[in-house]
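Asker: sharing a model that was predicted from the sequence below.
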Amino acid sequence: MSSFRKATKSKQREHRERSQPGFRKNLGLLEKKKDYKLRADDFHRKQRTLNALSKKALDKNPDEFHFKMIHSQLNDGVHVIKQKDEEMTEEQKKVMRTQDIRYVEMKRVSEANKIERLKSQLHLLDAEGKQRNTHTFFVDTTKEVEEFDLITHLNTVPELVDRTYNRPTLDTLVNKSIKGAVEPQTVKKLAKQRMLQYNELSQRINREKKMFVISQKIQTRKDLQDKNKKVKVQTESATAPAVYKFETKRKR
């Protein structure tokens, strides 16, 4: 029983590592086991790295080629990558910017001509989103305003009241034969073709606007190549280029 009492940890004396003796204070803290463990692990890790590198160097093929051999040179024992010669000068870059602007502007003018051609064919008579014209009728009394009937006044059928162009009267529909009358299926086909043309016109208008924005952005980048002091006023967006305020410079 006494041996068991001696073996219990609660009865054992706490083990404490001694500190650095007073006459050795100038040597710093006395290294403990945990400090030695950290130092040993770091030493072995460095040794494993050195061994792996030496093994890789021994196994390397001396005739192996890689592209950095021709793009670098040895200066004072240090590998330095050779600087490439400038492919284009600033003047050449400006000329290329000018050519880009001319090409984009040419495409924009082409789109504008196609837009005008489509507008001349369609006349935008019944285009969606078009500002509708107003037609004001004048009467003499309030009673006439209350009894006013648009269909009777225009002398047409209800189906043609909302039509702003080519609105025949009842007499024309009854007494005269409309030249070139076509079947309802043909009318639907023509209306579909006209709608497709309106869609094409809308797409070309959007493309022309995008071309204009692109040309403005290219011109801005071209202006930024000049070594003038500038202040950014507005950031670039999808619909507008960045705006810079340049320092006024007197031309010689």
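Answerer: Looks like it arrived, so ask away.
Asker: now the host helix or strand of L53: mean pLDDT?
Answerer: Here L53 is covered by helix 33-59, with elements defined by DSSP states H and E. Confidence over helix 33-59, taken as the mean pLDDT, stands at 94.
Asker: ok, now stretch 144-152?
Answerer: Averaging pLDDT residue by residue across stretch 144-152 gives 81.
Asker: who's in contact with that stretch?
Answerer: F137, V139, V157, P158, V161 (Cβ atoms under 8 Å, 6 or more residues apart in numbering). Any C-beta I mention is one placed from the backbone N, CA and C, and that applies to glycine too.
Asker: C-alpha coordinates for that stretch, PDB please?
Answerer: Only the C-alpha atoms of stretch 144-152 are listed here, as PDB (Å, rounded to 0.1, in the frame of the first residue of the first chain):
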ATOM      1  CA  GLU A 144     -70.800  68.800 -78.900                       C
ATOM      2  CA  VAL A 145     -67.800  67.800 -76.900                       C
ATOM      3  CA  GLU A 146     -69.800  65.300 -74.900                       C
ATOM      4  CA  GLU A 147     -71.500  63.900 -78.100                       C
ATOM      5  CA  PHE A 148     -68.400  63.900 -80.200                       C
ATOM      6  CA  ASP A 149     -67.800  60.500 -81.900                       C
ATOM      7  CA  LEU A 150     -64.300  60.100 -83.500                       C
ATOM      8  CA  ILE A 151     -65.400  57.300 -85.900                       C
ATOM      9  CA  THR A 152     -68.400  59.300 -87.200                       C
END
